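Engineer: Compute the structure for the input listed below.
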Amino acid sequence: MRPIILLLFAAAVFAQSPSSFETHLKAAQAAIQKSRYTEADAQLRAAVADAAQPDANRTPQREAEAYSALCDLDLLMSRYDEAIAMASKAVATVEASGVPDLTPYLGRLAGAYRVAGKTALAAPLLERILGIDQKLGADDPKVSVDYDKLGSAYMELYRMDDARAAYQKAINTRVSRLGPDHIDVATALVSLGVLEERNAKPKVAQADFEKALAISEKNLGLESYGLTGILDRLGRLFSNQKMYEEAEPEFQRSLAIREKVLGSRHSDVAPALDNLAMAYFFDSKFVDAEPLFQRSLAIWMSTQGPTSPLVAQGLDNLGALYSAQKRFADAEPMFKLALSIRETEDISSLSNLGLLYEATNDMKRSDEYFQRALLVSEKGLGGEHPEVIETLEQYAKMLHAAGRNLDAKKVEAHEKELKDRLSAQKASGPETATPAPKQ
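Structural biologist: As a prediction, this is how the structure comes out:
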């Protein structure tokens, strides 16, 4: 009897052994948890290959899980077409099986389309998700989230009326379910305010942001870190309208909250210092702006390291401030150090040095740096880019100032050619020849 028992035991063990698909998928999931993405990629691809073979013990949901995991990894690796293909397979697999909860798979596919810049293909999927979730009830939390995602997608497609309607419905469903003073209503109001700001309706946006701020203050308190995002949006809204005196109190309050909650040298304090400093800069309050830019730069240096692009930006901001005060001897080392950090990755420092030498009437060196900026931009940005147009405009002005009108007209012709190609985009150049800090 013993051989028969052993054979039966061996058969039972064999029956319980995981399939090759399961082995690969579990190994991939373990690798992802440990951020070993190369290993996870190989295991997931092996699992997907195994999924092509029929297996009565494998559920459609488990197979779709492998496709979904590979989609997420492809997105992480910027392999957008592959991610879309995997998300599509997951949807097809689950849909064919008749599994009722299809929305997570549709949502992943819509997300992959949006990350890949194909929002026009994502919108119908988001509309389908909304239709499914509405069967749960008009006030179900999922419905509010669906309206938020639709509003964001419509805004990406410049379908502003549709986006506004979606965001408003997101607000209405939350008010109906939670009441008008719930913090989730404030979040939806911020989204609507962003839409109105982008749609060139700053007064309407301001009203939405201020309503969101009042609700947040009521729920979170007057000194909560959760208020800083709305305060920053209000400050930038005012700044964009050149209402700097209105912007400054918003930025000041945001900065004070961050310093109290996080401490004065935290990395999240630096952006608030920059926001307030730039408002002072454009309001010609240079004395007030300088220590803020200096503090911000010191924080970026200590938290990000001396070669961080954020440090280069901080140096450019200080250089622009010194240039505006005609402190060119102080500005020059700032721009040069920023340039040494950026090297060929950014043309801002080269352009700033071109402007600085123009302001000091050193046209030869100005010409040299503008030419270097254009050379780098043609290589790094491909030529057809708003920043290239801005540099060409600055360069042409310098050539006119140097009396080289024929050369200036050639540069202007090139500038016009690029503007014609980018007519659908809103390319805006600086108002003066003085470089300005960058947000």
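
Engineer: tell me what the helix or strand harbouring residue 163 is packed against?
Structural biologist: Assessed by DSSP states H and E, residue 163 sits inside helix 160-178. With contacts taken as 3 or more Cβ pairs under 8 Å, 6 or more residues apart in numbering; DSSP states H and E, helix 160-178 sits against helix 141-156, helix 183-198. Glycine gets a C-beta too; all of them are placed from N, C-alpha and C.

Engineer: dump the residue contacts of residue 218.
Structural biologist: Going by Cβ atoms under 8 Å, 6 or more residues apart in numbering, residue 218 touches residue 181.

Engineer: so can I have JSON lines of the helices and strands packed on helix 160-178 showing mean pLDDT?
Structural biologist: Shown next, in JSON lines, are those (pLDDT from 0 to 100):
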{"stretch": "helix 141-156", "mean pLDDT": "93"}
{"stretch": "helix 183-198", "mean pLDDT": "94"}
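
Engineer: Any chance of those helices in TSV with mean neighbour count as columns?
Structural biologist: Output for those, formatted as TSV (neighbours: other Cβ atoms under 10 Å):
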stretch	mean neighbour count
helix 141-156	21
helix 183-198	21
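
Engineer: Any chance of CSV for these, columns distance to residue 235?
Structural biologist: Output for these, formatted as CSV (distance: least, Cβ to Cβ, whole Å):
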stretch, distance to residue 235
helix 141-156, 22
helix 183-198, 12
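
Engineer: Now residue 86: closest residue in space that isn't a chain neighbour?
Structural biologist: residue 71 (3.8 Å; Cβ to Cβ, 6 or more residues apart in numbering).

Engineer: so how far is the helix holding residue 163 off the chain centroid?
Structural biologist: 23 Å (Cα atoms, centre = their mean, to the nearest Å).

Engineer: Just the element for residue 88, please.
Structural biologist: Applying DSSP H and E, one finds residue 88 within helix 80-97.

Engineer: on that earlier part again, what does the helix or strand that the residue nearest to residue 86 is a member of rub up against?
Structural biologist: Using DSSP H and E, residue 71 maps to helix 60-76. Residues outside helix 60-76 that contact it (Cβ under 8 Å, 6+ apart): 21-22, 25, 28-29, 32, 37, 40-41, 44-45, 47-48, 51, 80, 82-84, 86-87, 89-91, 93-94, 96-97, 99, 105, 108, 111-112, 115.

Engineer: quick revisit: report pLDDT for the residue nearest to residue 86.
Structural biologist: Note for residue 71: predicted pLDDT of 91.

Engineer: burial of it, as a residue count?
Structural biologist: By the criterion of other Cβ atoms under 10 Å, residue 71 has 26 neighbours.

Engineer: do the same with residue 51
Structural biologist: Neighbours of residue 51 using other Cβ under 10 Å come to 20.

Engineer: Distance-wise, check it relative to residue 365.
Structural biologist: Computed as Cβ to Cβ, to the nearest Å, the residue 51 to residue 365 distance reads 63 Å.

Engineer: before we move on, what about residue 198?
Structural biologist: According to Cβ to Cβ, residue 198 and residue 365 sit 40 Å apart.

Engineer: ditto for residue 309
Structural biologist: 25 Å.

Engineer: cool, residue 20 as well?
Structural biologist: Taking Cβ to Cβ, one finds residue 20 at 67 Å from residue 365.

Engineer: Residue 213 against residue 226, yeah?
Structural biologist: No. At 10.4 Å, residue 213 and residue 226 do not qualify as touching, with contact defined as Cβ atoms under 8 Å.

Engineer: Of the two, which one has the most company?
Structural biologist: residue 213 (20 against 15).

Engineer: Now do the contacts for that one.
Structural biologist: Residue 213 touches 186, 227, 230, 231, 234, counting by Cβ under 8 Å, 6+ apart.

Engineer: and the third one, what element?
Structural biologist: Okay, so that is residue 230. Per DSSP H and E: helix 228-240 holds residue 230.

Engineer: hey, where'd the helices end up in the stretch 251-400 of the chain?
Structural biologist: Secondary structure of the stretch 251-400 of the chain (DSSP state H, counting those that start in this stretch): helices at 269-282, 286-304, 309-324, 328-342, 348-359, 363-380, 386-401.

Engineer: Go through the second one and flag the buried ones.
Structural biologist: This means helix 286-304. 286, 289-290, 292-297, 299-301, 303 (16 or more other Cβ atoms under 10 Å).

Engineer: Out of these, which comes closest to residue 278?
Structural biologist: Nearest to residue 278, judged by Cβ to Cβ, of the buried residues of helix 286-304 is residue 289 at 7.5 Å.

Engineer: check contacts around the closest residue to that closest one other than its chain neighbours.
Structural biologist: Spatial nearest neighbour of residue 289, chain neighbours left out: residue 280 (3.8 Å); criterion: Cβ to Cβ, 6+ apart. Counting by Cβ under 8 Å, 6+ apart, residue 280 makes contact with 244, 248, 286, 288, 289, 292.

Engineer: likewise residue 411?
Structural biologist: Per Cβ under 8 Å, 6+ apart, neighbours of residue 411: 392, 395, 396, 399.

Engineer: now that we have those, which one has the most neighbours?
Structural biologist: With neighbours defined as other Cβ under 10 Å, the most crowded of the contacts of residue 411 is residue 395; it has 27 neighbours.

Engineer: Tell me how many other residues surround residue 351.
Structural biologist: 26.

Engineer: what about residue 38, how many neighbours?
Structural biologist: Neighbours around residue 38, by other Cβ under 10 Å: 10.

Engineer: gap between it and residue 77?
Structural biologist: The gap separating residue 38 from residue 77 is 10 Å, by Cβ to Cβ.

Engineer: Which neighbours do these two have in common?
Structural biologist: Among the neighbours of residue 38, none is also in contact with residue 77 (Cβ under 8 Å, 6+ apart).

Engineer: Can you tell me, leaving aside adjacent residues, what's nearest to the residue minimising distance to the centre of the chain?
Structural biologist: Nearest to the geometric centre of the chain sits residue 115, at 10.9 Å (Cα atoms, centre = their mean). Among residues not flanking residue 115 along the chain, residue 75 sits closest, at 5.7 Å (Cβ to Cβ, 6+ apart).
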